[in-house]
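Undergrad: Below is the structure, and that's it, no one-letter string:
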């Protein structure tokens, strides 16, 4: 399993053709208390860069984009009652959705952890 | 000038502090061609309070007021006795001149009122929740159609024939731009509210079935039956209540299966005001809360643990969601909601029931008196405060002739549905607790006079 | 996610001790707590006397009758008067002190307005009365319309929109209708990043795609960037002028000319009209449609959140599409209210009706009284004093608060500051909450989004110099305390009826109605 990051503060954990996606700790920190997460329906087809989910705090609603093309297989039901999981554990228990990654999906734009850390240091 | 506190000495001192030679130095960014050299030409100069009052009183004096004559108009705006304390309380400066409660620490007055208002509306409508009000009943009706579209992900609305024609027109106008399909129909001048036709029009593409209750002719649709038919096809029932007092006598739409209930609240606390400002009421099932438009006031606590109220779920709204907002609405009808809430706090559920029964009794007395006039037929089997009548002559000219005789005798269906066949002789008559026996006698005499 | 939380606002409640009341009642002298009406009384009871109905329900009504009254309390008049009076005392209001909310124009609400609006000839008339029974009402609407047209230099006005955002919708729908009439399907509306959220929300509703126009370093629309983007797919632009940074868009005429040159339309958000009323006519700057907030520039009361009124002045190009009912003064001076029936003959290109009845008559009478009181000369003075007051605030505070555009020139009716220079741990929110303790309503905060930690101060013309000096002294004190690291600011307000509230809890667990079993 390898974990990658996007410049837009999503993380994606790849396990062959399956992946889990969430937002990074940096993003949850910037958002403050998360109040609601709007998740996609299972089965939805995604193109890279599509707005897939919305993470809401009290005064902001931020789109979460698909890091890769594919199909949503599962969403994190725990977030319905406990959206705060994204604050306390953004990169583990606060995962947003799982997906099947499309064949030939373009990994070129993804960063590894070191590159992402350098990226946010520069913000 | 009495509303401008700055004196010439103040202005001079302030310009000096700013370091500007004259006031136009502060307008330096305005192109010279656009900056006017003096006051806009052709407009009057300032006037004393006395002069303005005289001017306005002269204009007001030219209008025939509802309180001066026997009055029987309804059709979406109703006249009731408003207790004297309502208008006094809404004129307290802390309510009148307050802003939207975005700083909750110093707006608990407004916020608690909104929370109480939301509770009153929800209880009245029989819905789980209600918002902090919308502009009026017609725009609330459109917003409900849009919301049903979001919830069901469909784009068609079936409007029962008894929906107020202005509400229909508003929905049709908005739908022209959103691409929603609106199925509307003109009502028949008959006792049957047309439920069968409404139900027949529902299909698997329908997002909302919109039914006014009581309807434009005062008839009472069978909401439970329509709800069942709507739900069977995956559609939502939107009930529209243009006279909340009626709900003192007939069952709340939320208890009959309505998913969204909207309405016009002006009859309680607000008054006629020639059509505005009015008060949009909006209630819905709790599970739809994130799709609701409009402001919402919620309960929370402050840093010391005291109960407090605050505007919440703001991420639905335009100032945050921008182009993805549930609606572009910004204001609610704050002061009108306060007036409604004060009036409801005085009435309570029992008082509303008594008021509704009294309104119905006056309507019944009026209907029976009209039915006794040869040639005049009361169309409704059932009504609360308002019913339709078939005159032996064209109703619009009858209404004008009655007005000339000093009786405001109802709303002609021809005014609401110009050119519609079969409705020319129809008249909608409303009564309330203000309707006296003398008023009824005057209406009878006037009608006899104009149909002779 | 892209730029999570662009405004930078995060809830920060600060620490506070649990409340310990020094009194048995929980009240402290004139600082009064107040329960909910549902806690004051159970369901039942009634504070309105009425006679008993003389007739029972008609037979046809039997099956519709409700089983039991709505579970709502009805209180006596003394209880109701006390309840709402006590609640009112927990509100700040213009009547109490300055309300310097940028772009809200919280000016004094004249009491003459309230008096004339309540004249029975205006308040006690039904919208569907035969029109010949209400000539004075129609004349009042027409007089207000005439003033709005003359003040803005436009061709016509749509009076019916119920609020500013409704007016924006009206303007955009006129533009859509005009394009439809030409047979053109233009998809894009250009909106500055600094625009109020209603602008893109409205454009999206009207079926357009919104694209941002960047700003220049001096806070104004980038004319070059705008011109470069113009093309046959541009339906129009939405410009606020003065803009949300409180600055006059000097290039407004050039923007309008460029947009017209490609066949587009110019919508102007008139929220900031108070800066230029009587001094500048938007019609001279090429505007095609502009909504006017009667509850801002023309003093109708905000009422705790509404009602508003948003008439839309229109150019000759857009006037034919104005919604119904359309009020028009004939050549003989008589006022015609064109509804659906007359429209095919008199106003055939209207895009339709936006709401029931004729518009916000109660706000028309108030605004007309205000306009007649000021007259053309007084309205001009309004703009001058509003701009003077804002510049006085700007120059008096620019040494202690960062004012991003202050060095470049004057502001208009509102002064913009940022949180730049506040020490770590101190935010715009803390300054705002500190102002509450000082006895003022905070300025607009975190808007516009283009300035970090924005503070937008609009004093309006109805503040006296002495009042401004007090406000300036308080804001200076707060800025100084922040720079000195005074941590009590982070848990302000301390003296208001409530401390900072838990907005996160309110959003996570919404409780929107009272429940009998509430813990």
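TA: Alright, I've got the coordinates. Model, not experiment: these values are computed from the prediction.

Undergrad: Report the contact partners of residue 7.
TA: Picked chain A for this. Neighbouring residues of residue A:7 by CB atoms under 8 Å, 6 or more residues apart in numbering or on different chains: A:109, A:111, A:119. Every residue, glycine included, has its C-beta placed from N, CA and C.

Undergrad: meant chain C, my bad for not saying
TA: Residue C:7 sits next to A:59-60, C:446-447, C:449 when contact means CB under 8 Å, 6+ apart.

Undergrad: Residue A:42: what secondary structure?
TA: Following DSSP: H, G, I helix; E, B strand; the rest coil, the label given to residue A:42 is coil.

Undergrad: Please disregard the earlier target; I meant residue C:266.
TA: Assignment for residue C:266 (three-state DSSP): strand.

Undergrad: does it have beta-bridge partners, and which?
TA: Beta-bridge pairing of residue C:266 under DSSP bridges involves residue C:237.

Undergrad: Just to check, it is in contact with residue C:237?
TA: Yes: here residue C:266 reaches residue C:237: they are 5.8 Å apart, a contact under CB atoms under 8 Å.

Undergrad: where along the chain do the helices fall?
TA: I'll assume chain A. Ranges of helices within chain A are A:25-31, A:85-88, A:113-121, based on DSSP state H.

Undergrad: let's do chain B instead
TA: B:8-18, B:49-60, B:84-90, B:93-96, B:108-125, B:137-152, B:165-178, B:195-200, B:223-232, B:318-321, B:334-371, B:395-404, B:413-416, B:437-451.

Undergrad: Out of the ones you listed, the one nearest chain A is which?
TA: Of all those, helix B:318-321 sits nearest to chain A, with 5.6 Å by CB to the nearest CB.

Undergrad: and residue C:456, that one's in a strand?
TA: Yes: according to three-state DSSP, residue C:456 belongs to a strand.

Undergrad: Mind checking which of the contacts of residue A:7 are buried?
TA: Not one of the contacts of residue A:7 meets the buried threshold, by 16 or more other CB atoms under 10 Å in any protein chain shown.

Undergrad: For residue C:405, state which of these is nearest.
TA: For the contacts of residue A:7, the residue nearest residue C:405 by CB to CB is residue A:119; the value is 31.3 Å.

Undergrad: From residue B:91, how far out is residue C:121?
TA: Distance, residue C:121 to residue B:91, by CB to CB, to the nearest Å: 19 Å.

Undergrad: what comes up buried for stretch B:282-302?
TA: Neighbour counts over stretch B:282-302 (16+ other CB under 10 Å) mark B:282-285, B:288-289, B:291-302 as buried.

Undergrad: Do me a favour and get the end-to-end distance for that stretch?
TA: This stretch, stretch B:282-302, spans 28 Å end to end (CA to CA, to the nearest Å).

Undergrad: just for chain A, where's the confidence low?
TA: Applying pLDDT under 70 to chain A flags no residue at all.

Undergrad: Identify the residue nearest the geometric centre of it.
TA: By CA atoms, centre = their mean, the mean C-alpha position of chain A lies nearest to residue A:22, the distance being 2.6 Å.

Undergrad: from what I can see that residue touches residue A:96, true?
TA: Yes: look at residue A:22 against residue A:96 with CB under 8 Å: they come within range, at 5.0 Å.

Undergrad: Chain A contacts on chain C?
TA: C:1-2, C:4-7, C:9-11, C:446, C:503-504, C:507-508 (CB under 8 Å from any CB of the partner chain).

Undergrad: Kindly recompute the last result at 6 Å.
TA: Residues of chain C lying close to chain A (CB under 6 Å from any CB of the partner chain) are C:1-2, C:4-5, C:9-11, C:503-504, C:507-508.

Undergrad: Return the members of those classed as buried.
TA: Buried residues within these, defined by neighbour count using 16+ other CB under 10 Å: C:1, C:4-5, C:9-11, C:503-504, C:507-508.

Undergrad: Could you count how many residues lie near whichever residue of the stretch 301-450 of chain C sits closest to chain A?
TA: Closest to chain A within the stretch 301-450 of chain C is residue C:446: 7.6 Å, counting by CB to the nearest CB. Using other CB atoms under 10 Å in any protein chain shown, residue C:446 is surrounded by 21 other residues.

Undergrad: Repeat that for residue C:423.
TA: 9.

Undergrad: hang on, it is in a helix, isn't it?
TA: No: applying three-state DSSP, one finds residue C:423 to be coil, outside a helix.

Undergrad: Next, work out how far apart it and residue C:10 are.
TA: Counting by CB to CB, the separation of residue C:423 from residue C:10 is 17 Å.

Undergrad: for residue C:128, same thing?
TA: Distance, residue C:128 to residue C:10, by CB to CB: 51 Å.

Undergrad: same thing with residue B:155?
TA: For residue B:155, the distance to residue C:10 (CB to CB) stands at 38 Å.

Undergrad: again with residue B:89
TA: From residue B:89 over to residue C:10 the distance is 37 Å, taken as CB to CB.
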